[in-house]
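Asker: need coordinates for the below:
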Amino acid sequence: MAWFVSLLLSCLLPAVLLLPPLAWTAPPALASGPVPLLRDVYLFEGEPLEVQVFAGAVDAPDIPNTAAGTPPGAYVVLAWRGQRLQLPRTNNAGAPSYTDGRWWWSPVDPEHPQFRQRRGGVQTYGCEPSAP
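Answerer: Predicted coordinates:
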C-alpha cells in the first residue's frame, strides 16, 4: 500500500507544481481586505499620521452610541512613526473613541483629533490637519 501512495504522489506532485502561479494566490477581492469607512491624514508632532476607520463586526447591535456611523465592533488603524496600531472602539458615550489601554484616539473635533499614550503618565500629542 505504501508503494501505491508513493507512486501516486510522485505522479501528482509534479502536475500540481506546474499549475500557473495564479492558482496559488488569493483572488484580488479577498486579498484586499475590508474597505475603510474613513481615511484621513493628520500631522502629529510634525509627522504624518494616517487614520483608517473600519466598521468591524457588530456583536451586540443593541448597545447604544452609534455616533458618527461607527457601531460597536468598529476599529481604527493608525500608522505613525513606523508603527501600525489597531485600536478597538470603546462604548463610551459621546464622540467615538478607540483604545487598547495604552494608546487612545478620538476624533471629537475632526479638525483636531485627540491622540494620547499612557506611559507612566498620559502623554498627549499635538495635532494639525494635513494640507490637502
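
Asker: measure the closest residue in space to Gly126 that isn't next to it in sequence to Arg89 for me?
Answerer: Closest residue in space to Gly126, ignoring its immediate chain neighbours: Glu45 at 6.1 Å, by C-beta to C-beta, 6 or more residues apart in numbering. C-beta: built from backbone N, CA, C; applies to glycine. Using C-beta to C-beta, to the nearest Å, Glu45 is found at 24 Å from Arg89.

Asker: so those two - more neighbours on which side?
Answerer: Neighbour count, other C-beta atoms under 10 Å: between Glu45 and Arg89, Arg89 has more, with 22 against 12.

Asker: Trp104 is in contact with the more buried one, correct?
Answerer: No - using C-beta atoms under 8 Å, Arg89 makes no contact with Trp104, being 11.6 Å away.

Asker: now do the shared contacts for these two.
Answerer: Residues touching both Arg89 and Trp104 (C-beta atoms under 8 Å, 6 or more residues apart in numbering): 97-98.

Asker: per-residue confidence at Phe4?
Answerer: With respect to pLDDT, Phe4 has a value of 53.
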